[in-house]
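Enquirer: Structure for the following, please:
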Amino acid sequence: MTQIVKRGFVPSDEIEFNEENLKLLKKAQKDIYYLINQGYSIDKSVEFVGNHFLFSARQRLALKRSISSYEDIISRQKCKILDKYENSTLHIDGLNIIITLEVALSNSTLIKCMDGTLRDLAGLRGTYKLIDKTDTAIDLIGKKLDEMKIRKAIFYLDSPVSNTGRLKSRILEILHKYNFDIEVILIPNADVILNKLDHVVTSDGIILNTCESWINLAYEIVDEKLPNTSYIDFEISY
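Expert: Numbers count the residues shown, from 1 in each chain. As a prediction, the model looks like this:
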């Protein structure tokens, strides 16, 4: 029998992100957003405001991952691709999107961030294990890419992370049935390649700040294919 694993699940999230604490987190979000727009670093801003509200490490992580400066948000929106996918080649941050979808399938904590991306709180720390939801996550990506009528999908996986060789095999096995070409590249640091490309699929803020263009694929998949998924909404409108 396959072991059921809930990627990114932490029991204390039910309390740390309950309605009362979310009100405090939203207040803190405004303070941190103001500080980083004045030039303070996100780390120092989260530490300062987090100490004031006595937030836990996980609450601080949620704030750090969800908040971006006004300049970064506008810049990312300008280079986000909303259509014109047909016959294009997509460059996919493999672990980034697969883990986020595994978290969504696990009903664990997800955050809709200020730049519109979905991010999770599941840290890699150099290790990754395939779980019972991995195949479903990969297939959700395949279905969406097929609907987009892309020409090719190139997945980039960080080779130092454990089990990425096995993940490469699963991606190739599951996606070969779809009507697009597929390639999986194991590379020491995927970020270094992705941050210079166009049609990038990721929610990594550092890559989003430097890549030519990007697609908010994880959010689109969750919104269309997993409509009952809940997430904490930190997005703001301009």
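Enquirer: where does the protein have low pLDDT?
Expert: Scanning the chain with the threshold set as pLDDT under 70 gives 1, 237-238.
Enquirer: Please enumerate the strands of it.
Expert: 89-93, 110-112, 118-120, 152-158, 181-187, 200-201, 214-215, 232-233 (DSSP state E).
Enquirer: List the contacts of the fifth one.
Expert: Applying CB atoms under 8 Å, 6 or more residues apart in numbering, the external contacts of strand 181-187 come out as 94, 151-159, 164-165, 168, 171-172, 175-176, 193. All C-beta spots, glycine's among them, are computed from the backbone N, C-alpha and C.
Enquirer: Among those residues, name the buried ones.
Expert: 94, 153-158, 164, 168, 171, 175, 193 (16 or more other CB atoms under 10 Å).
Enquirer: For the residues you listed, work out which two are farthest apart.
Expert: Greatest spacing in the buried ones among the contacts of strand 181-187, by CB to CB: 175 and 193 (20.0 Å).
Enquirer: Would you mind listing the buried residues in the lengthiest helix in the chain?
Expert: Scanning the chain for the helix with the most residues, using DSSP state H, yields helix 19-37. Going by neighbour count (16+ other CB under 10 Å), the buried part of helix 19-37 is 21-22, 25, 28-29, 31-33, 35-36.
Enquirer: tally of neighbours for residue 102?
Expert: By other CB atoms under 10 Å, the residues close to residue 102 number 24.
Enquirer: With residue 128 instead?
Expert: 20.
Enquirer: Please verify my assumption that it contacts residue 162.
Expert: Yes: applying CB atoms under 8 Å, one finds residue 128 in contact with residue 162, separated by 5.9 Å.
Enquirer: Distance of the residue nearest to residue 5 when sequence neighbours are not counted relative to residue 178?
Expert: Excluding the flanking residues, the one nearest residue 5 by CB to CB, 6 or more residues apart in numbering is residue 131, at 4.0 Å. According to CB to CB, to the nearest Å, residue 131 and residue 178 sit 22 Å apart.
Enquirer: Residue 228 now?
Expert: Using CB to CB, residue 228 is found at 25 Å from residue 178.
Enquirer: More neighbours: the two, which one.
Expert: residue 178 (18 against 7).
Enquirer: contacting residues for the more buried one?
Expert: Residues near residue 178 by CB under 8 Å, 6+ apart: 142-143, 145-146.
Enquirer: swap the cut-off to 10 Å and go again
Expert: 139, 141-147, 150, 153 (CB atoms under 10 Å, 6 or more residues apart in numbering).
Enquirer: Pick out the most distant pair among these.
Expert: 139 and 150 (15.8 Å).
Enquirer: more crowded one of these two?
Expert: residue 150 (21 against 16).
Enquirer: surely that one meets residue 91?
Expert: No: applying CB atoms under 10 Å, one finds residue 150 not in contact with residue 91, separated by 11.0 Å.
Enquirer: and for these two, which residues touch both?
Expert: Common contact partners of residue 150 and residue 91 (CB under 10 Å, 6+ apart): 199, 215.
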